[in-house]
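In: Build me a structure from this.
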Amino acid sequence: ALYREALYEQIPEVQRARLHRHAARRLQEAYGRDSSEIAAVLAVHFEEGRDPENAARFRRMAGERALTRHAHHEAIGHLRGALDALEKLSSRPVTDTEYWVRLELAVCTALGASLVATRGYGDPEADRLYVRAEALSRERNDPIKTLQTLFRTYTFDWMTNSLQNSASAVERMAEIAAETDHVEAELLTEGARGMSAFFRGEGSVSDEAHAQVLALYDPKLHDEASLHYPGVSSRGLTAMRRWIAGSPDEAVDWTRRGLTFAEGVGTPYGIALALGFAVYVHQFRRDLDALSRNTEDLGALAQEQGFQLWVAWARIFRGWLAAARGDGADGIALMERGLEELSATGQQIAVPYFLGILAETLLALGRVDAAQQRVIEARALVERRDERWWEAEIHRLEGEAVLAAGETPLEERRGAAEACFRRALEVAGRQGATSLELRAALSLSRLGNSHDAHQLLSEVVGGFTEGHDTADLRAAQTQLSRIDPPTDD
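Out: Down below sits the predicted model:
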């Protein structure tokens, strides 16, 4: 090999380039219509042959072939190569400019998606690619491509920065969608509306949007991956909303539907997405066995595919499980490591929730100061990002932390805790978050400051028509039985 390489280096560069182009043409002739099978080999020959036009074509082809095998890391290398070739091409006069715009748009979109899958939404390279894709789609005046790129751009922004501008962003998408009668346009717009509304705590808007997505979506007609997995996401967010709205059994049913659907589509990213939604629901319900199964599946798949976001999620949930099963020290360590890994991906969506379950775990272990610090961080994120779906629980946990602190007199702490619990009740009631209202009512009742708290807990419990075997409802029933013990007739 060294001897061959030495001989190769002795060939003048111009002659080497000519030989590479000749080899590429002969291989194309030999493979004919099956040339895509050796796209990576052809791309190398054209690169060495100083033919950026064909290098770009075959690097893109090699990248897309890698994606059909869900080989994101391999695809990233090829697609970056395609962009390098396109950059060289930009300094030369070319014909069929529209073709090259389409090719660059396809490369930017595919490369951005692979980077997000493997590195998370905070990857700066993916951010730049989506901005470029948006500009290219507008240049083409293609509403569907524009909406696809806007969906990715907005999602990227919401996941990493703030939800404050999400409503205006959705309206912008709706204006573009109105220019076309394609169902895909409405799917993308309603998907964005539903996601934005969910994380802002606007439950009824979220429910309506996701119901619309599922009514419009047909997996036989629509590309699940290119539309950012509307079939999986809408089922998953509906599952989370069902628990929040006070239907814990329905929530489990929706997670099963989401997993079944994702397995039918068969892409690792889609399956990981469905598992991600499922672990939330099982943690909400405090169902340790179901959470353990889905967390292990998610962690194994994420490690195998290099999905760093879900590697972090799985680690956080493993930590919560360990603490819930009695291994507090290791559990906290895992959760904190998972949060560090999550931070490295740049994603901030759901971080208030993760900080909340960490704070609750710290409180259970008597680490009050650390719990209070995590609650402060969570509240700051809620306000800065306008991410309010878990806000009620953060207020409740603030009350529990205040109550557990020993620096001030008990009555003063009880009064401050009650204010937090009532704030949690107000937020939960406004958002239609019945399950979070139950938790706040239970904390208020346990405080024992007023009889109306016990009456409120009874009313909230009476509003549940299912899920009576879940941990929260069992705890509430136990509290009610202590206040009003059953009498023998």
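In: Please report how far residue 10 lies from residue 22.
Out: Residue 10 is 18 Å from residue 22, where distance means CB to CB, to the nearest Å. In this view, the C-beta of every residue, glycine as well, is placed from N, C-alpha and C.
In: of the two, who's got more company?
Out: When residue 10 and residue 22 are compared on other CB atoms under 10 Å, the one with more neighbours turns out to be residue 22, at 12 against 8.
In: got the contact list for the helix or strand where that one lies?
Out: Using DSSP states H and E, residue 22 maps to helix 13-31. Helix 13-31 has contacts (CB atoms under 8 Å, 6 or more residues apart in numbering) with 8, 11, 35, 37-38, 41-42, 45-46, 48-51, 54.
In: and the direction of whichever helix or strand comes after it versus that of helix 13-31, what angle?
Out: Following helix 13-31 in sequence order, the next helix or strand is helix 39-48 (DSSP H and E). Here the directions of helix 39-48 and helix 13-31 differ by 150 degrees (axes from the mean of the first three to the mean of the last three CA atoms, to 10 degrees).
In: List the contacts of helix 39-48.
Out: Helix 39-48 is contacted by residues 16-17, 20-21, 23-24, 27-28, 35, 52, 54-55, 58-59, 61-62, 65, 78, 81, 85 when judged by CB under 8 Å, 6+ apart.
In: Convert the C-alpha atoms of it to CSV, please.
Out: C-alpha atoms of helix 39-48 as CSV (Å, rounded to 0.1, in the frame of the first residue of the first chain):
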residue,chain,number,x,y,z
ALA,A,39,-22.0,7.0,-5.2
ALA,A,40,-19.4,7.4,-2.5
VAL,A,41,-16.7,5.9,-4.7
LEU,A,42,-17.7,8.1,-7.7
ALA,A,43,-17.8,11.2,-5.4
VAL,A,44,-14.2,10.6,-4.4
HIS,A,45,-13.1,10.2,-8.0
PHE,A,46,-14.9,13.4,-9.0
GLU,A,47,-13.4,15.3,-6.1
GLU,A,48,-9.9,14.2,-7.0
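In: Check which element follows that helix along the chain.
Out: Remark: after helix 39-48, the chain's next helix or strand is helix 52-68, criterion DSSP H and E.
In: neighbours around the residue lying closest to residue 467 once chain neighbours are set aside, how many?
Out: Excluding its sequence neighbours, the residue lying closest to residue 467 (CB to CB, 6 or more residues apart in numbering) is residue 248, at 3.4 Å. Counted by other CB under 10 Å, the residues lying close to residue 248 total 25.
In: Could you pull up the residues touching residue 248?
Out: Counting by CB under 8 Å, 6+ apart, the residues that residue 248 touches are 242, 284, 285, 435, 466, 467, 470, 473.
In: low-scoring stretches of this protein, by residue?
Out: 1-8, 90-95, 484-489 (pLDDT under 70).
In: Point to the residue nearest the middle of it.
Out: Nearest residue to the geometric centre of the chain (CA atoms, centre = their mean): residue 273, 7.1 Å.
In: that older thread, may I ask which two of the contacts of helix 13-31 are separated the most?
Out: 11 and 37 (27.8 Å; CB to CB).
In: I'd say residue 195 and residue 157 touch.
Out: No: at 11.8 Å, residue 195 and residue 157 do not qualify as touching, with contact defined as CB atoms under 8 Å.
In: Comparing those two, which residue is more hemmed in?
Out: Between residue 195 and residue 157, counting by other CB under 10 Å, residue 195 is the more crowded of the two (27 against 17).
In: Where does that one fall, secondary structure wise?
Out: Remark: residue 195 resides in helix 183-199, with elements defined by DSSP H and E.
In: mind listing what's buried in that helix?
Out: 184-199 (16 or more other CB atoms under 10 Å).
In: C-terminal to that helix, what's the next element?
Out: Moving toward the C-terminus from helix 183-199, the next element (DSSP H and E) is helix 203-216.
In: can you list contacts of that following helix?
Out: Contacts of helix 203-216 (CB under 8 Å, 6+ apart): 183, 186-187, 190-191, 193-195, 197-198, 230-231, 234-235, 237-238, 241, 244-245, 431-433.
In: ok, and the closest non-adjacent residue to residue 167?
Out: With CB to CB, 6+ apart as the criterion, residue 167 has its nearest non-adjacent residue at 6.7 Å, and that residue is residue 196.
In: scratch that, residue 434
Out: Nearest residue to residue 434, sequence neighbours excluded (CB to CB, 6+ apart): residue 246, at 3.0 Å.
In: So what does that neighbour look like in phi/psi?
Out: phi 100, psi 20 (degrees, to the nearest 10).
In: Hey, what's the angle from the helix holding residue 195 to helix 203-216? Just curious.
Out: Helix 183-199 and helix 203-216 are oriented at 150 degrees to each other (the same axes, to 10 degrees).
In: Enumerate the positions of stretch 255-264 that are buried.
Out: Those buried within stretch 255-264 under the rule 16+ other CB under 10 Å are 255, 257, 258, 259, 261, 262.
In: out of the residues you listed, which one sits closest to residue 110?
Out: Residue 110 has its nearest neighbour among these in residue 262, at 20.4 Å by CB to CB.
In: List the contacts of the closest one.
Out: 229, 231, 232, 270, 271, 273, 274.
In: Turn these into TSV, including secondary structure and distance to residue 453.
Out: Converted to TSV, the contacts of residue 262 look like this (DSSP: H, G, I helix; E, B strand; the rest coil; distance: CB to CB, whole Å):
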residue	secondary structure	distance to residue 453
229	coil	43
231	helix	43
232	helix	40
270	helix	44
271	helix	44
273	helix	40
274	helix	39
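In: JSON lines please, covering the buried residues of stretch 255-264 and showing secondary structure and distance to residue 355.
Out: Converted to JSON lines, the buried residues of stretch 255-264 look like this (three-state DSSP; distance: CB to CB, whole Å):
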{"residue": "255", "secondary structure": "helix", "distance to residue 355": "23"}
{"residue": "257", "secondary structure": "helix", "distance to residue 355": "29"}
{"residue": "258", "secondary structure": "helix", "distance to residue 355": "25"}
{"residue": "259", "secondary structure": "helix", "distance to residue 355": "27"}
{"residue": "261", "secondary structure": "helix", "distance to residue 355": "31"}
{"residue": "262", "secondary structure": "helix", "distance to residue 355": "28"}
